[in-house]
Structure formats: structure tokens, C-alpha cells
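1. Generate a structure from the sequence data that follows.
(6 chains)
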Amino acid sequence: MGSVGAKEVPVLLSPEGLRIDGRKLDELRPIRIRAGPLHQADGSAFVEWGANKVMAAVYGPREVHPRHLQQNNKAVIQCRYNMAAFSVDERKRPGLDRRSQEISKVIAEAFESVVFAEEYPRTSIDVYIEVLQANAGTRCAGLVAASVALADAGIPMADLLPAVAVGKIDGKIALDLKKEEDNFGEADLPMALVPQSGRLVLLQMEGHMTPEELSRSLDLGVAGCKVIYEKMKQALRDRYATTELPGGSA
Amino acid sequence: MGSVGAKEVPVLLSPEGLRIDGRKLDELRPIRIRAGPLHQADGSAFVEWGANKVMAAVYGPREVHPRHLQQNNKAVIQCRYNMAAFSVDERKRPGLDRRSQEISKVIAEAFESVVFAEEYPRTSIDVYIEVLQANAGTRCAGLVAASVALADAGIPMADLLPAVAVGKIDGKIALDLKKEEDNFGEADLPMALVPQSGRLVLLQMEGHMTPEELSRSLDLGVAGCKVIYEKMKQALRDRYATTELPGGSA
Amino acid sequence: MGSVGAKEVPVLLSPEGLRIDGRKLDELRPIRIRAGPLHQADGSAFVEWGANKVMAAVYGPREVHPRHLQQNNKAVIQCRYNMAAFSVDERKRPGLDRRSQEISKVIAEAFESVVFAEEYPRTSIDVYIEVLQANAGTRCAGLVAASVALADAGIPMADLLPAVAVGKIDGKIALDLKKEEDNFGEADLPMALVPQSGRLVLLQMEGHMTPEELSRSLDLGVAGCKVIYEKMKQALRDRYATTELPGGSA
Amino acid sequence: MSGEVASELRTTHVLDLAASGKRLDGRALDEYRAVSIEPGFIATADGSALVRLGDTVVAAGVKLELGKPFPDTPNAGVLTTNAELVPLSSPTFEPGPPQPGAIEVSRVVDRAIRAAETIDLARLCVTPGEKTWVCYVDLHVLDHSGNLIDAAMLAGVSALAHAVVPAKRFGVAEADYALAVGHLPIECTFVRLGDAIVVDPTFDEEQAAQGRLTIATDELGRVVAMQKGLVGAFSPDDVRSMVSRALAHGDRLRAAARGGPA
Amino acid sequence: MSGEVASELRTTHVLDLAASGKRLDGRALDEYRAVSIEPGFIATADGSALVRLGDTVVAAGVKLELGKPFPDTPNAGVLTTNAELVPLSSPTFEPGPPQPGAIEVSRVVDRAIRAAETIDLARLCVTPGEKTWVCYVDLHVLDHSGNLIDAAMLAGVSALAHAVVPAKRFGVAEADYALAVGHLPIECTFVRLGDAIVVDPTFDEEQAAQGRLTIATDELGRVVAMQKGLVGAFSPDDVRSMVSRALAHGDRLRAAARGGPA
Amino acid sequence: MSGEVASELRTTHVLDLAASGKRLDGRALDEYRAVSIEPGFIATADGSALVRLGDTVVAAGVKLELGKPFPDTPNAGVLTTNAELVPLSSPTFEPGPPQPGAIEVSRVVDRAIRAAETIDLARLCVTPGEKTWVCYVDLHVLDHSGNLIDAAMLAGVSALAHAVVPAKRFGVAEADYALAVGHLPIECTFVRLGDAIVVDPTFDEEQAAQGRLTIATDELGRVVAMQKGLVGAFSPDDVRSMVSRALAHGDRLRAAARGGPA
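-> Numbers count the residues shown, from 1 in each chain, chains lettered A, B, ... in the order given. The predicted model follows:
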């Protein structure tokens, strides 16, 4: 969303209706997903999505730490979304700021909605997301990475969780905003879908949209999630063919 | 106490011996006490005292948190005196500063002196005081509110704890200072009384007083506490007639 | 090591090869060690070494706090090296900075290498070092003080741990740098020795040395440690003749 | 009966009721609790309000102070929203640094205020790059009986709508003046209880909920912020339906926040 | 024998002794422990003292640095008092952020210094609104054998009474000069043990105490600060009696802090 | 089989192998794992590298920002090294403030960069006493399979060797330019396994180790930093022997960090 008093707003849509990187309104940025790049984690995934680079790892089911969070009838799912100091233009102070804590919370709640947590009472399933390079849409990239990492760790889930943000630029609804579109656009609406039920487990929005625009945004996002879903499944299939490290052939 | 280098000292006593708000030296500010305004707490009270607004709540006896504070032979009494960011002229950073921590400590010790804690071993009785609007005397208003909240929660105690501050302005001993009197006065002496024993369980002082002035201050404060004691008992009697919310008819 | 852009470098070695305080290159500063100056601690020692004043205390074996650090097969050794706010020229903010945390870690590891920790499973041996006045070499002074305090507390150890730093000033290897030598010298190499085995349990270095200089530094440091070792043993022997407080006859 | 068992029984009861279109407190599924707003409750604040939403009570205080603009927005004022879920207000809150729940409340309210452009940040600037008003919106929860976000939002916009810029006290104008406020966003929160979706949940309904959705709308009929919370899921059609319901509730509540009758 | 049982037996013993006018260490009820003060103990401080009160040991260091005055007191210097109850000094202290006990010690000492106007803050100001001396009084407890407040107060005022303003080093004067100090406040602490009220409690007496009262007096015979602590209560007459005792002890201890014999 | 027992068996196995000159992964005692360095991995950083040391992965990012020099070094730039041992990278790391292990990595790397004078801090100064470049070296551990210090050092110097000063973006020059780097320090870490001393330990070897020594050397063949860690001891002769081995490994690794083949 446009910061008041910030630099001049760039042209976000060409006369031909193309975006600053040449995409059409309903076009995703290129996405590459690799499952299992890390050796210490029980499951992991690396996602390059446009100019985002996001690593996720899963540990567990394991002992709950701190102990008083332990639940007798199910596993607790703890999520930590963190941005590396060098992942953004102006260096970010290390540690979780309020934004990261909010995102960690909604991502944890999204996964609690699909993980079969009652199969592992008194344990913790820890989901870690590290944003190494950020260019709008990192929470969705993090969800996608963490979802593949959970599957890589063998955690039973109702479904994978594809995620994407829909936004509004120059008055048009557009899929998968990149940084300049996010900074100078009029709305941003990230969502995560359970493909088999068609329901959303993460949904946030900021900006302004008419109810009709919002309705179309939901449809566009759901369609985008389905494309990403296929890439996630392919990454898990490829897992058994390659164990390359992140950036190996990037 | 006067801050060095601060603004000019106002006239605190008129030629007729009246204070800036027209009170006599031994006169209290108006006090309204309501017992039980909150629904979640086990006991609560709201005190409007001059321009102070203070809410208190009590939870417990309940599990001790953190666990290692648990005592085998009695309840622990934990107190948290906190000022809302908007309760003072210059916005206060949220969270407990050193002053709040000291006040929390002396208030907790005051209540430990009258609560029959040995009746509830291995539990915690948690006393929370929130200052919403401050105008000198908030620790005494907090004690009064917390004391009524403890009674409202049904916690057995030897007695209620009325409290008031005595001060010195223009060389005279005066009851219940308001903000300007506190800022530009020569001494401040808050106390809390156990009416049935005539003993003090909270006593602090800052400024300068001769031993004779201090002696008179103790007597004046004890007399003030007795007036407040009656208002506290009345508030508890009224509890069963009304369950109105704070500010309801303010 | 010289700070870039700092004040002018003083002359550290006279034409006769003497140092700013008149010492020869292989000469230690005066050292006084007193065992057992404190009453609350299970063991304690006070070391005045040149212009350093360092107090150490040992508590334990006792309950482990926080509990989750407890080990079933041995005592944990926890070390806290702390500098008093007034111990350095520019007032230090109270609390452990990163340097103090690193030093606490390497000192704890040094003592873990000699204490017979398996004799006290499920307990903690807590080593506290307070630097009251600092003048280069405080980690070595702290190690010496803590080592005597451990012996004073009756903790079984393979050996005492004498420690000293070797440095390089004006291109020469020198024993036991004082502050100006440390600030404007070319290298600093603190070490702690197990005299009976001739092995080092603490070794750090910063600056630049050729391998040959480093080799000579190790020999010089080991020789220095042996001198200090004798003073440590003497302090423990004197323990039974005096129980004076720190600074008592300083 | 342990607290855990009692809580499970209550959850079952809440869900059973909802299945037959009923609620514990007798409300209809799309009925909001009674709202009362007391502006000016805090005399030490530059703007304030005490909001009661059923048994939920939130105090909001606005403070304006002079400070420096951010380097990257030299012509804009600064807005800071903070929510304190103090342990006085609920047995479930603990003392200590802000918990994720408190952070979520403050961020969701903050987003709505920014997106609705309630405050024209450019007008807060006194000297570009040098001096600006910093506007603090502090939300202090006193009684947590459910639906904190809506109550906090109402308290926040009411406090802003009645705030006075202390320009005289800070020596930058001859007289204080009312803070200019634009659109007032209103949050409207729903939870799923089985197949039912109910508005303005109580604490017990939140405990039983299978998903929560908060929708902020402005007086132009636009959606300005959303936040899904808790474990659970909503279909796009669920969302569309809640958006229309949120718009209706928003109009009524906005009038109350501006000063009219709720 | 567990630590808890041992501690209870000791408490009973302390109370029994007090009932017959006796104390564990043989002192009379109104007898202070031996005090020794070593000024200048810390060469890196601008003023310092090591104080021993029986087995209790506290080091104080004063540091003076240039800084900015507070906006609301542009003509005044800044005084900051801080107490560190480091875990080296007692088995009951834990590492970590300052505990309430440490905060209480620093605040009670600080209040007495301010109320007695030991330091004329106006004289610390170098350029109004711009530059002032900031005076740090750091109290470092080394051995906690009871009555920390009195020991810390003595260490603090002794360090101040011997402090030198490093004006030359900071380039604001040709030469350093002694810090001007006015009245020296002295704290005197009592605890109730049954019906007896004893002065200068040891650690064991504090554990057994049924109330603690600290009274700070200055050399004009005025009370400048008080602090009741611990569980327990005092009658107004108790307080009056302790005030006269505190004045007597104060005179003797103040001479020691100034540099005379204790 | 509990984790503790498995770990003990692995330790025994590692030590048995070492006694016969062998290692779990088949390396010789003085053999370093394969190293790969990918400079420019992070486009948002001014300099960056992804380093793989066997299965250990560390990302480093260099950021340059304008700031104020320290008062006591008005002509010098500022260098800040920070290591994040995030819980993603190892089951043994916990969320929260930096642990001693992370602090040790950052301080040891920082010391080597300073002692080797990799960056000429004087050249970072823009206006003495006013404005200087602040150089942040952030080390982000992604996979902790042993020997973090060496991997972090390699990532850090590679990122520095490829860093660009964003002078145009910050408006202090017409164009960006490459950061000038001098000597590149290389850390080389050894652990004792019984009588054997092995280079570049894996995680399992670190668990089994009886002492660790890290030696940083520069291209002039000098030792610029050392750090002994873990429980265990080394004789002076052990140290001398490791120094020569570290010099040899350093030459090879330095070429890789500069951009040549590892």
C-alpha cells in the first residue's frame, strides 16, 4: 500500500494491460520449489518465487519446548517466520518484529487447520521459515515452502497448502504482486487454500476493494493456488530423484 | 517533590489557608468506589479519586505461574501495578518501569500482611492494578481498589486496607495531595492502614519533614484512612445492589 | 589492538627495552590473591593484579537453575563474568554484553576441563566473576580468582588453572600486557594452563603474529602461568591464617 | 470438574445450540451485542473512549506528541497503534512482553486505520523532514468477554474522532484544534460454529470456534482490511456472505463511533 | 536437614532470642554492626567507596559524563542511581534483569539523595538545554549479610563525598575539581522481631522479620525518606520511636561517611 | 533407543575410528570437506555468498549504510558482525535471543576480519565525526553439520570480497564502487579425538571432541586470531602443529573465497 509522502508512483500497467515485468494480470511469477535441501531438519523446502528466496524446515514431532505449552490431546504446532537481516533493501534488525510475530501466528493457525495433530499428543511440530531475499509475497512463499517441508518430514496432513496474494494495481485486480506493485498498489490480499475442500485457512487483506472486486479476487487467488498446488506436488515427486542443495543449479 | 530547574512554583495555599482546589488541609478529594465492575476477574473494583481513575482485579486462588514461585505452606500474592500509556500527560511507554515495579512490590507486601494466605497453599492470588488516569496518589487509590477487589473475590483477610498520602505544602501538613501539590510540595508520605489493629502495612516517604511534622502526618493519615475505610465497606455493601460497569453513570 | 583513528600511539618500549611501567618483557605485574574474603559464597577469592581488581565466588554443588539445564550424569558448570559499571574509564551499561558472554563461555569450558563434575550429578556449580577495576587481562585475573574460589569451596579438580596473557608490543613478545600495551600493541594472546599436564584449556588470540612469534608466546605464557600457580597455592595455604575482607590491608 | 472438562462441555453446548440457530446469550446468529461508547473517558489523553461491547470493555487513548518524521517519508506524520491485553482483563492473559494475540489486535486495527485513511498523515507534518506530530493510539483491554478486535477498533476510532491536537501546549499554534479524521473503518468479526457463522462472538464462542474472520469496512462501502484467525477454514462464498453482513453492521456502528446513538 | 527446615529453626531461634532482648551475634537491640568505609577503592571511578557493615560488603562507584539535560529541566543535571545485586553476593540472587529487590535498593537510595539535596543538580549543568554532567551512582553488592539499603546508602554518599568532576578530561575546564555535596542522608533500617524492634538486621534477622522500616535522615535532623518493606506492620508509635533512634545512628554514621572515624 | 544413548554410541564410534586414523565420512585426519562458494546469492544485499562446507550451509550478506562514527574514532567507519544460528538450521538451536554459541561465532569471525585489516575502516569514513559507512556482515546459518566458524568466516570474506558500496543510492557519489578489501583471513578449525587431531569437524565429531581450536591466518602467513572451545586441552606442541596445518588449508580456501576454484 502506498506510503504517504513516499517517492513518485511508477506506471504499474502499460497501455496494453501488461505489468512492469511484462506479466498479464492473472499471471504468476516463475516459481521453483525444491523439497529436502537441508540435512539437519526432519523436512525442508526451498522456494524461489520471482525474486523471493525462502527456506523452510520442520522439526518434529518432538519434545515440547517450553514445556508448559504441551497439550495432552494433540501436538502443538509452533511456527517462526523470520526475515534475514539482508533480505530487504534497508537492513532489518535481527529478531522477530511485530509483523513477523503476526505472520508466524496466522501461518501456525493455517497449518493447525490441516495437520492431524491429534496423532502426536504431547509433542511439538516446529515449522521454521527463513526469508533470505524478499520481494513481496514472502508469507505465501513461506507457507508453500513450509507445507512442502511438512510433507517432506512425513507429517500427516489433510492436504498441502498452496498460497498466493491477489492485489489491486491501477484499479485492476492482479495476481501475485511483486514489490513495486505491492508498494504502490491499492490492495493486497494473501490467502492459503485447502485444494480438496476449496476452503481458505489463511486470509488477510489491506487496502480498499469493493465487495465485487473482493469477490473476483477470491476467485483469482483460488485459481492461482491450484497452479501452485501442482508445482508443490511435482517438487515432492522430484524429491526422490534429487537431493541437491539450495542454489545448486540456480 | 519539586524538580530542579522546572517551571515556576504555583501558590499552593491561599491567604485563607485553602488549597488550589478549595480544600482545607485535612480534607480528602471526592472518592467513588465501585465493587465488581468486571466480568472476567474473580473480584474487581473501580476507584475514582479526585482525578484518578484506577481499576483493580483479582484472580485466584489459582495455579502458580511461573511454577517455581509456588510455596508449599501458603498462597503467593503477586501484584502488578501498571500505568496505561495515556494515563499521564506525557505518554508513558507501555510496560513496567522501575517505579511501577517498586510500587508492585510494596503493595504485594502490604496485602501479604493481611491476607490469610496459609489457607490456600500451592496457589497464587494475583492482584492487578491498572491506572487509567493519574493525578497523584495512584498507589493509594490502587491499594484501595485492590483491597475491595480482594474482598469481592472472597479472599479471606484480617481487614481491608484503606490508604492515603499525607504531604507538606507551603510548610503545612496536608491530606491527600493532588498533582500540583505533589509536584511542588515539600514531602509526600503514602501509607496503608489495618484499621482494626491501627498498624501500618505500607509506609513510604520522600521530601523533608521534622520528626514532629512526621508525627502529625501519621495521625492525619490514620484519620484519613478511617474515612476511606467507611467508603470501602459501603462499596462492598452496594455490590449486591448494582453491577454497573465503570463509567456507567460517571 | 589499536583502534583505527584513535589517539596517537605512545612509546611502549624504552631504548633500554623497558616497558612503560618499567617492567622487562618477561615480567609479570604485581599480583595479590586472597582466598575466602566473602561470607555468603561457598568459596571466594579476590585478586589484585596490576591495576585489576577482580572478585570471584562459587556456589554449589546446588540445585540447577533453570531446571532444564540439569544433567543426569554430571554437574553443570555455569559461569558469569561481569564488569561493574564503574570498572572501566567510560561507564559500562550494567548487564552482560556480547564480550562478557563470550568470556563467560570460554571460562566455563576451561573449568569443565578440570572439575570432576561427574561426582555431583544433577547439580550446578556456579562460578561468578565480578570485575571491579579493569586494566587489561581481566579474563585471566578472573580465571585465577575463580580457580582459587573453586578450591576454597572444596570442589574437586584435577588442578588449579593459572592464566596469563602474552602480547606483542613494538614488535616484541611481552608477558602480561597492561591497558596501554593492550590498546596500542599488535597482538594479545590469553591462555590458561593445567600445570600438571602442561596443556592449555583456554586459548584465544587477536592481532598478528608469525608462527615463530606465536610459538615463543606459548612458551612465555606457560612460564608465566607457573609463577602464578605458586601464588595461587600460597593464597590457599594462607586461607587458614586469615579471613580478612577484600581491601582490608590493601 | 476440571477446567479443561468444563471448557469442553461448554464448547459442545455452544456448537449444539448453533446447529439449531441459537446462542448461549439468546442472540440471533447475526445479532451484535449492545454497544456503548463513552468518549472523553480519559482526561489525560488528547482523545479517548471507553467502549463496552456486551461484557467486553476496552479503553482507548490517543496522545499526540511532536517528533521526527521517518527518513523515507519526510512529509508524513507518524501513526502508532498499540494494544495492551493486560492480565487484569482475562484469566488467559499473562504478564510480560506483548503476546501474539495483543500484536494481532494492534496490527489489525492499525491496518484498517491506515487503509481507510482515517488520518491524513500529511496534515500531521509540521516541518518536512524535521518535525511532525506522532499520533499514538493505545488500546487498553479491561474485560475480555470476546471479540476484542471489534471493540478495540470502535474504541480507537471513537477516540480519534474526538481527539484534539495539543498545538498550543506544544507551542506550534495559537490554539488547540480538533484532529481531522476522514473515513472511519469498522471491524466486524464472525466465527464459524459448525455450519453456522455468527457475528460478534463471546469469549465462549471464540473458544468453540472453527475459524474466525474479521472484516473492516469504511463508509464508502469498501472493504479495507481482513484477518482470518484461529483454527478453521472458510469457503470463498462464506467470505462473500460475511462481507455483506459486515457492511450492514458497519454502518450502524460507525454512527455510534461518530457520536450518534448505537 | 533440608534448607527449609533449617531456615525455620533459625527463625524460631532469632525470635526467641529477641523476646529476651538478645540477638544471634550478641548485639544489643539498638546496636549497629561495625562499619568500615574505604574511599577511593576503585581507581577507574570518579568517586568510590567500599563499605563493610559487619559481613555485608557494598562497593559504590560514581561516574560523571557529559550528556543532554532532560527537556523539562533544561537547567538541571541528571542523577542516576543503580544497584546491582549480583548473584556473586548471595545464594538468593539470580542472574538476569534487575529483580524487585535491586530496584527497591536503588530507588530508596536515590530518593534520599534527591530529597536531602546532596547534589545541587543546577550546578551540574554546563550549557542550559544543551550539555550537562550526568552523575551515575552505581552500587555493587559483593556480600549480602543483611541490611543492604543502609550499606548501599553509606557507600553511595561516601563515593559522592569523595568524587572529583573530570572536567579537564572532558575538556570543559582547565582542571578537575571536587564534586560539591550538600547534606548527606543516612538510611537506618529496623526490623520487627515479635515485640522487639532491632536496628541494622543481619540476613537471618531479615528472614525472621515481621516488617522492616528504613528511615533516612539528614544532618539538619530531618527525615528525608522512608520505606516500609517485608510482610508485617508498625504502629505510628513504633514509627515515632524508630525515627528518634534513626537520628542518633545517622549522626554517628554520617561522620564516618564524611571521612571521620566510624 | 533414546537420543542420549544413540549419541553416546556415536561418540564411542567416532573415537574408535579416530584411534585408527579414520573418520566416519571416510576423510583423512587432515582432509577438509568439499567447499562450494556462490557469491551474489542474495540480490538484496550489497555483497553476499552462500557457502557449503560438506552439509554445512551458511549464507552471508553484507549491507552498507550511512551512519555516525563512534565518538572516540571520528575518522573510522564502523564494522558490525552478527551471526544468527536460527533454529531452522539445527535441532540443537532454540528460538530467542542470541545464544553464547552464536555470539562466539560472530565474535571470532569479527576478530579475524579486524586483525587481518580486511577492510580499511578509515576509507569508509565520509565526513570525519559526522558521516561514515556502517558495514554490516550478517551470517545466517542454514544447515549446521559441523564447523560453523570456518563456514561463516568463508561466507563473510566472500561476501566482503564481492561487495559493492551503494554510494549512488545513498547520494554520496556519482556511481557505486567495489568495496576495497585487503587481506582475507581464513579460519581453520581442529578438534581432538583421543590422541588424533582432525581438521574441519562434522557435527558428530564436534559432539565427540575433547577440545576444539580455531586458527585464523592471513595471506602473509601470519596468525591473526585463535579461539579454543569445548571441554578439552591442547599442549603448546599441539598448537604449533595445528598452526602449520591451518596455514596450508588457509591458502587453498582463500583462493576459493577470492573467486578462484576451491
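2. Against chain C, how distant is residue A:166?
-> 44 Å (Cβ to the nearest Cβ, to the nearest Å). Every residue, glycine included, has its C-beta placed from N, CA and C.
3. Up against chain C, what does chain A have?
-> residue A:67 (Cβ under 8 Å from any Cβ of the partner chain).
4. mind listing the strands for chain A?
-> According to DSSP state E, chain A carries its strands in the segments A:31-35, A:43-49, A:52-62, A:76-83, A:124-133, A:163-169, A:172-175, A:187-194, A:199-209.
5. again, but for chain D
-> Listed in chain order, the strands of chain D (DSSP E) span D:35-39, D:47-53, D:56-67, D:78-84, D:125-127, D:131-143, D:164-165, D:177-178, D:186-193, D:196-199, D:212-217, D:223-229.
6. quick one: low-confidence parts of the chain?
-> Chain wasn't specified; assuming chain A. Residue ranges of chain A with pLDDT under 70: A:1-8, A:242-250.
7. Please refer instead to chain D.
-> Using pLDDT under 70, chain D drops low at D:1-3, D:260-262.
8. how about the strands of chain A, which one is nearest residue B:112?
-> strand A:76-83 (35.6 Å; Cβ to Cβ).
9. In the chain, which residue is most central in space?
-> No chain in the question, so chain A it is. In chain A, the centroid-proximal residue (Cα atoms, centre = their mean) is residue A:140; its distance is 1.9 Å.
10. oops, chain D please
-> residue D:153 (2.0 Å).
11. That residue: what's it in contact with?
-> D:108, D:109, D:112, D:185, D:186, D:187, D:216 (Cβ atoms under 8 Å, 6 or more residues apart in numbering or on different chains).
12. go with 6 Å
-> Counting by Cβ atoms under 6 Å, 6 or more residues apart in numbering or on different chains, residue D:153 touches D:109, D:187.
13. and if you look at residue D:249?
-> D:32, D:188 are the contacts of residue D:249 under Cβ under 6 Å, 6+ apart.
14. I'd like to know how far the closest residue to chain E within chain A sits from residue F:102.
-> Distances between chain A and chain E by Cβ to the nearest Cβ are smallest at residue A:66, namely 16.1 Å. Distance check for residue A:66 against residue F:102: by Cβ to Cβ, to the nearest Å, it reads 19 Å.
15. Give me the more crowded residue out of those two.
-> More crowded of residue A:66 and residue F:102, by other Cβ atoms under 10 Å in any protein chain shown: residue F:102, with 23 against 9.
16. how close does that one get to residue F:182?
-> Taken as Cβ to Cβ, the span from residue F:102 to residue F:182 is 27 Å.
17. Then residue D:149?
-> 56 Å.
18. swap in residue D:255?
-> Distance of residue D:255 to residue F:182, computed by Cβ to Cβ: 69 Å.
19. These two: who's more crowded?
-> residue D:255 (15 against 11).
20. and the closest residue in space to residue A:69 that isn't next to it in sequence, what are its bridge partners?
-> Leaving aside its sequence neighbours, residue A:69 sits nearest to residue A:76 (Cβ to Cβ, 6 or more residues apart in numbering or on different chains; 5.4 Å). Legend: beta-bridge partners of residue A:76 under DSSP bridges are residue A:124.
21. list the contacts for the residue of chain A found nearest chain C?
-> Of all residues in chain A, residue A:67 sits closest to chain C, at 7.6 Å by Cβ to the nearest Cβ. Contact analysis of residue A:67 by Cβ under 6 Å, 6+ apart lists nothing.
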